[in-house]
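A.B. asks: whatever this is, show me its structure:
(one chain, ligands or ions: 1)
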Amino acid sequence: MKFFIDTANLKEIEETAGYGLLDGVTTNPSLMAKEGISEQDGHIRAICALTNGPVSAEVISTEKEAMIKEGRHLAALAQNVTIKLPLTLDGLFATKTLAAEGIKVNLTLVFSALQALLAAKAGAAFVSPFVGRLDDIGHDGLEIISEIINIYSNYGFETKIIVASIRSTQHILKSALLGADVATIPFKILRRLATHPLTDSGVATFLADHTKATQK
Ligand code: G3P
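C.D. replies: Coordinates of the predicted model:
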């Protein structure tokens with residue numbers, strides 16, 4: 001399973017790379033705004049310099065021709081930029097056009113397996129189902145991950161599934177058990193993956209025993 005980090009924060013990206021856990025980055029306009037970024041181009045270039053993996057940069061446009069223009073512009077910023085488009089009819093049209101030009105697209109804001117089927121048919125390199133936001137409204141977000149995996153396997157689609165809108169370590173565990181390609185993980189949850197109280201108490205006991213033995 002690949003780990004992308006869901007952030008526009010350069011320090012978080014660098015730290016994740018330092019642990020050997022960074023396979024790519026996903027951003028969106030809300031994450032950019034959280035970092036106070038008003039000019040996206042320079043910041044996307046800075047993120048791309050920190051990883052060889054795919055970096056998703058999201059368009060602001062909502063109309064297909066404008067999406068294509070913005071997508072081409074973002075794709076020219078660095079060789080590892082992936083264009084993030086919302087899964088709308090305009091987004092599908094733009095995906096088809098950009099994919100034909102060899103530009104990788106990540107179709108985002110996906111809330112059903114049928115939307116994911118459309119993403120694959122349009123030629124998206126990645127699809128981003130939002131599990132947390134589905135859970136928030138009383139659905140089981142992970143259910144659509146299982147459905148998408150089934151559908152893609154039935155027809156041999158190569159579109160990679162990025163589990164997005166992750167709220168918990170359980171989302172990652174269950175996605176890995178299902179065989180999802182990628183989890184895009186908020187930094188605070190990534191840190192939580194490495195933490196276990198028995199690991200901490202075990203380290204404390206080893207240190208205490210070592211101190212006792214060496215002070216005799
Ligand atoms: O990758 C999409 C993700 O950032 C959305 O997460 O927490 O805003 O639902 P959230």
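A.B. asks: look at the spatially most central residue of the chain and give its secondary structure.
C.D. replies: With distances taken as Cα atoms, centre = their mean, residue 184 lies nearest the centre of the chain, 3.0 Å away. When classified by DSSP: H, G, I helix; E, B strand; the rest coil, residue 184 comes out as strand.
A.B. asks: show me the strands in the chain, by range?
C.D. replies: Taking DSSP state E, the strands of the chain run over residues 2-6, 24-26, 55-58, 81-86, 105-110, 126-129, 160-163, 182-185.
A.B. asks: tell me the bridge partners for the residue lying closest to residue 44 once chain neighbours are set aside.
C.D. replies: Using Cβ to Cβ, 6 or more residues apart in numbering and skipping the chain neighbours, the partner closest in space to residue 44 is residue 57 (4.8 Å). C-beta: built from backbone N, CA, C; applies to glycine. Beta-bridge partners for residue 57, by DSSP bridges, are residue 83.
A.B. asks: quick check, residue 57 in contact with residue 27.
C.D. replies: Yes - assessed by Cβ atoms under 8 Å, residue 57 is found in contact with residue 27 at 6.1 Å.
A.B. asks: ok, residue 166 - how many residues close by?
C.D. replies: For residue 166, the count of nearby residues is 22 (other Cβ atoms under 10 Å).
A.B. asks: just residue 100 next, same as before
C.D. replies: 9.
A.B. asks: list the residues that contact the nearest residue to it once chain neighbours are set aside.
C.D. replies: In space, and not counting its chain neighbours, residue 100 is closest to residue 123: 7.3 Å by Cβ to Cβ, 6+ apart. With contact set as Cβ atoms under 8 Å, 6 or more residues apart in numbering, residue 123 has these partners: 95-96, 99-100, 105.
A.B. asks: next one: residue 169
C.D. replies: 189, 192-193.
A.B. asks: the same query, at a cut-off of 6 Å, please.
C.D. replies: Taking Cβ atoms under 6 Å, 6 or more residues apart in numbering as the criterion, residue 169 is in contact with 192-193.
A.B. asks: average model confidence for the longest helix seen in the chain?
C.D. replies: When the chain is scanned for its longest helix (criterion: DSSP state H), the result is helix 197-215. Mean per-residue pLDDT for helix 197-215: 97.
A.B. asks: quick revisit: is it true that the residue nearest to residue 44 touches residue 73?
C.D. replies: No - contact between residue 57 and residue 73 fails when scored by Cβ atoms under 6 Å: they sit 9.7 Å apart.
A.B. asks: higher neighbour count, the two?
C.D. replies: Per other Cβ under 10 Å, whichever of residue 57 and residue 73 has more neighbours is residue 57, with 29 against 15.
A.B. asks: gap between that one and the ligand?
C.D. replies: 12 Å (Cβ to the nearest ligand atom, to the nearest Å).
A.B. asks: list the buried ones in stretch 25-36?
C.D. replies: Residues of stretch 25-36 classed as buried by neighbour count (16 or more other Cβ atoms under 10 Å): 25-28, 31-32.
A.B. asks: start to end distance for it?
C.D. replies: 18 Å (Cα to Cα, to the nearest Å).
A.B. asks: one more: stretch 118-136?
C.D. replies: 24 Å.
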